[in-house]
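Asker: output the structure for:
(2 chains)
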Amino acid sequence: MKSSAIRTLLSLFVCLSLPLALGAQNSQTTPSGSPRIKLATTTSTEQSGLLAYMLPVFEQKTGYKVDVIAVGTGASLKIAQNGDCDVVLVHARSLEDAFMAAGWGIERRDVMYNDFIILGPKSDPAGIRTLKNSKDSFSSLAAKKAVFVSRGDNSGTHVKEKDLWKLAGIVPSGAWYKEAGQGMSQVIIMAEQLGGYTLSDRATWLAVKNSAPRLSILFEGDKELLNPYGIIAVNPGKWPHVNAQGSKALMDFFTNAEGRALIESFKIGGDQCFFLL
Amino acid sequence: MTEAIALLLAGDGETWAIIGRSISFSFFATLFSLFPGIPLGILLAWRPSRGRRLAASLVHAISALPTVVIGLFAYSFLSRSGPLGGLGFLYAPAGVVIGQFFLATPLVVSVTYAGLSRLDGRFFETMETFSASMPYRLFRTVLEARTAILSAIVLAFGRVIGEVGVSMMLGGNIKGSTRTMTTAIALDAAKGEFQRALSLGFMLFLIAILVNIAVNGLGSHER
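Answerer: The predicted structure is shown next:
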């Protein structure tokens, strides 16, 4: 009785896990020339669904398999600097330029842009709906001490938000200013729950807005709010193990006619999210 | 809730792949942790001394460390900029299994130790007077401590399959490669897809119950 129970338990485990373990073996990283490419990117490209829309086309065509690590721009560049990925797709030009200048990247190309929007409760307690630019909007948020949820994670969106506070001449602090340290969609959900404002990229907002029915776009369309994305291949001179061929293929795909057509045709609920540069 | 279950039953291949992957990673991490874990637990219990009791408390403390701390240590070793970077285990299944191994091992040591400490002290004395070979003594001890070892396995498996810190940090939540039940739940909840998160959570709950029932079934024949 006992041994049969042991046998059942063991065989259950083995049946369930053996094929998967073999699968896991295949997905180990291999040296360069490898069919796997590690892409560190922002939460916006992943959570909006853009990568799930584009990468299967690339994978089918080239035979590469792309492993997506979705963090923030700051973390992506740090991962690249540590040699833990092959290529990054990010949006914070100042950080990207510093990364290139330090020699960590071998090549950077412009890919696309989308724009940032200021989200808030439909009742708009800080009254930013009627304001003319993002600077005034941010000033008003601070003056009214309206709850604001910040990414707080050194992502591209967070870097942009800090630039906008600086532009408005404000150092945000106090109970109304909440640094979440989480991805874009978490932060939108938090703003929804707290009845607060936040800065978001348009693509992530479109992807999660059904989960945040109390929020709406209260400010948009300022040229300060443009959000350009770049793709950077990690320098094989710094990290010889990186998949340089794979990164090159992926960069080509994102910037060639086919990839560009995919970026333009990607829609969430009928809205285009990313635009070509 | 019913909606969550319906979603699971209608689940796409990826949902089932995530469930299988979670079980697989945790199975191997637990399995590997037994090799150092059980002998170390026995060693600590064999001839109690102040030093060994101190070491046991230390292991006990380590087994209570938050998973993100273990994840962080493992990360610094497995990163390309760390000493073991050449293995390329970070952001790959091997990285998750290694991290989970370090979560499971201290737990196996301390539960094995605790179980053996409750044995009659004369057991070890008897073992020593039989001038039996070391492997035989070990075998007898494992047999004697089987209840403790079984609970160690369940506890270790339960800890690793339910943790998110190590899996997220070392695996990177890569779809089709290192996305497990807990990291998928974290991602779904982040995206506001609570139904999908709930259905995976329910599955996790089910696995926990099954493992416990299976092992309790074994334990009930002990006495």
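
Asker: tell me who's in contact with the residue in the stretch 151-277 of chain A that chain B sits nearest to.
Answerer: Using Cβ to the nearest Cβ, the single residue of the stretch 151-277 of chain A nearest to chain B is A:Ser211, 2.6 Å away. For glycine as for every other residue, the C-beta is placed from the backbone atoms N, C-alpha and C. A:Ser211 is in contact with A:Ser185, A:Ile188, A:Ile189, A:Glu192, B:Lys191, B:Gly192, B:Glu193, counting by Cβ atoms under 8 Å, 6 or more residues apart in numbering or on different chains.

Asker: number of nearby residues for the second one?
Answerer: Translated: A:Ile188. Per other Cβ atoms under 10 Å in any protein chain shown, the neighbour tally for A:Ile188 reads 27.

Asker: could I get the helix or strand harbouring it in CSV with only the CA atoms?
Answerer: Using DSSP states H and E, A:Ile188 sits within helix A:184-194. What follows is helix A:184-194, C-alpha atoms only, in CSV (Å, rounded to 0.1, in the frame of the first residue of the first chain):
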residue,chain,number,x,y,z
MET,A,184,3.4,50.7,-16.3
SER,A,185,0.2,48.7,-16.1
GLN,A,186,0.6,48.0,-12.4
VAL,A,187,0.9,51.8,-11.9
ILE,A,188,-2.2,52.5,-14.0
ILE,A,189,-4.1,50.0,-11.9
MET,A,190,-2.8,51.6,-8.7
ALA,A,191,-3.8,55.1,-9.9
GLU,A,192,-7.3,53.7,-10.7
GLN,A,193,-7.5,52.2,-7.1
LEU,A,194,-6.1,55.4,-5.4
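
Asker: in that helix, what's buried?
Answerer: A:Met184, A:Ser185, A:Gln186, A:Val187, A:Ile188, A:Ile189, A:Met190, A:Ala191, A:Glu192, A:Leu194 (16 or more other Cβ atoms under 10 Å in any protein chain shown).

Asker: from the residues you listed, which are also near chain B?
Answerer: Filtering those for proximity to chain B (criterion: Cβ under 8 Å from any Cβ of the partner chain) leaves A:Ser185, A:Gln186, A:Ile188, A:Ile189.

Asker: farthest-apart pair in those residues, please.
Answerer: A:Gln186 and A:Ile188 (7.4 Å; Cβ to Cβ).

Asker: returning to that earlier point: report all helices and strands that the helix holding A:Ile188 contacts.
Answerer: helix A:43-47, strand A:105-121, strand A:148-150, strand A:198-201, helix A:202-208, strand A:215-219, helix B:181-190 (3 or more Cβ pairs under 8 Å, 6 or more residues apart in numbering or on different chains; DSSP states H and E).

Asker: JSON lines for these, including mean pLDDT and mean neighbour count?
Answerer: Output for those, formatted as JSON lines (pLDDT from 0 to 100; neighbours: other Cβ atoms under 10 Å in any protein chain shown):
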{"stretch": "helix A:43-47", "mean pLDDT": "88", "mean neighbour count": "28"}
{"stretch": "strand A:105-121", "mean pLDDT": "96", "mean neighbour count": "21"}
{"stretch": "strand A:148-150", "mean pLDDT": "95", "mean neighbour count": "24"}
{"stretch": "strand A:198-201", "mean pLDDT": "96", "mean neighbour count": "28"}
{"stretch": "helix A:202-208", "mean pLDDT": "93", "mean neighbour count": "25"}
{"stretch": "strand A:215-219", "mean pLDDT": "96", "mean neighbour count": "20"}
{"stretch": "helix B:181-190", "mean pLDDT": "90", "mean neighbour count": "22"}
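
Asker: turn these into a markdown table, columns for distance to A:Lys135.
Answerer: As requested, those are arranged in a markdown table below (distance: least, Cβ to Cβ, whole Å):
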| stretch | distance to A:Lys135 |
| --- | --- |
| helix A:43-47 | 23 |
| strand A:105-121 | 12 |
| strand A:148-150 | 15 |
| strand A:198-201 | 13 |
| helix A:202-208 | 19 |
| strand A:215-219 | 11 |
| helix B:181-190 | 30 |
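
Asker: tell me, how many residues neighbour A:Ala175?
Answerer: Neighbours around A:Ala175, by other Cβ under 10 Å: 7.

Asker: quick one: secondary structure of it?
Answerer: coil (DSSP: H, G, I helix; E, B strand; the rest coil).

Asker: quick one: the helices in the chain?
Answerer: This is for chain A. A:2-26, A:43-47, A:50-62, A:73-81, A:93-101, A:134-143, A:156-167, A:184-194, A:202-208, A:244-255, A:257-265 (DSSP state H).

Asker: that answer is for a different chain, and I need it for chain B
Answerer: Under DSSP H, chain B gives helices at B:2-9, B:13-46, B:50-62, B:67-78, B:93-117, B:122-129, B:134-144, B:146-162, B:165-166, B:181-190, B:194-219.

Asker: and the angle for the fifth one with helix B:122-129?
Answerer: So that's helix B:93-117. Using axes from the mean of the first three to the mean of the last three Cα atoms, to 10 degrees, the direction of helix B:93-117 lies 100 degrees away from that of helix B:122-129.

Asker: against which helices or strands is helix B:93-117 packed?
Answerer: helix B:13-46, helix B:50-62, helix B:67-78, helix B:146-162, helix B:165-166.

Asker: out of those helices, nearest to chain A?
Answerer: That would be helix B:13-46 among these, by Cβ to the nearest Cβ, at 3.8 Å.

Asker: now the angle between helix B:181-190 and the closest one, please.
Answerer: Using the same axes, to 10 degrees: helix B:13-46 against helix B:181-190 is 130 degrees.

Asker: what's helix B:13-46 packed up against?
Answerer: helix A:2-26, helix B:50-62, helix B:93-117, helix B:134-144, helix B:146-162, helix B:181-190, helix B:194-219.

Asker: show the pLDDT at the residue of the stretch 1-150 of chain A found nearest chain B.
Answerer: Relative to chain B, the nearest point of the stretch 1-150 of chain A is A:Gly83 (3.1 Å; Cβ to the nearest Cβ). Listed pLDDT for A:Gly83 reads 95.

Asker: I'd guessed A:Lys209 sits against A:Leu215; true?
Answerer: Yes. Between A:Lys209 and A:Leu215 there is a contact under Cβ atoms under 8 Å: 7.3 Å.

Asker: if we can go back for a sec, now the two most distant members of the contacts of A:Ser211.
Answerer: Pairwise over the contacts of A:Ser211, using Cβ to Cβ, the maximum falls at A:Glu192 and B:Glu193, 14.1 Å.

Asker: so where's chain B shaky on pLDDT?
Answerer: B:1-5, B:7-12, B:131, B:218-223 (pLDDT under 70).

Asker: over to chain A?
Answerer: A:1-33.

Asker: outline the domain layout of it.
Answerer: A:34-113+A:227-276, A:114-225 (automatic domain parsing).

Asker: quick one: the longest one to chain centroid distance?
Answerer: Taking Cα atoms, centre = their mean, to the nearest Å, the mean C-alpha location of domain A:34-113+A:227-276 is offset from the chain mean by 10 Å.

Asker: how about the last one?
Answerer: For domain A:114-225, the distance between its averaged C-alpha position and the chain's averaged C-alpha position is 16 Å (Cα atoms, centre = their mean).

Asker: ok, how many other residues are close to A:Gly181?
Answerer: Counted with other Cβ under 10 Å, the neighbours of A:Gly181 add up to 15.

Asker: ugh, wrong one, I meant B:Leu72
Answerer: Neighbouring residues of B:Leu72 were enumerated by other Cβ under 10 Å; the total is 15.

Asker: same thing with A:Glu264?
Answerer: A:Glu264: 13 neighbours (other Cβ under 10 Å).

Asker: and it, what does it touch?
Answerer: A:Glu264 sits next to A:Gln272, A:Phe274, A:Phe275, A:Leu276 when contact means Cβ under 8 Å, 6+ apart.
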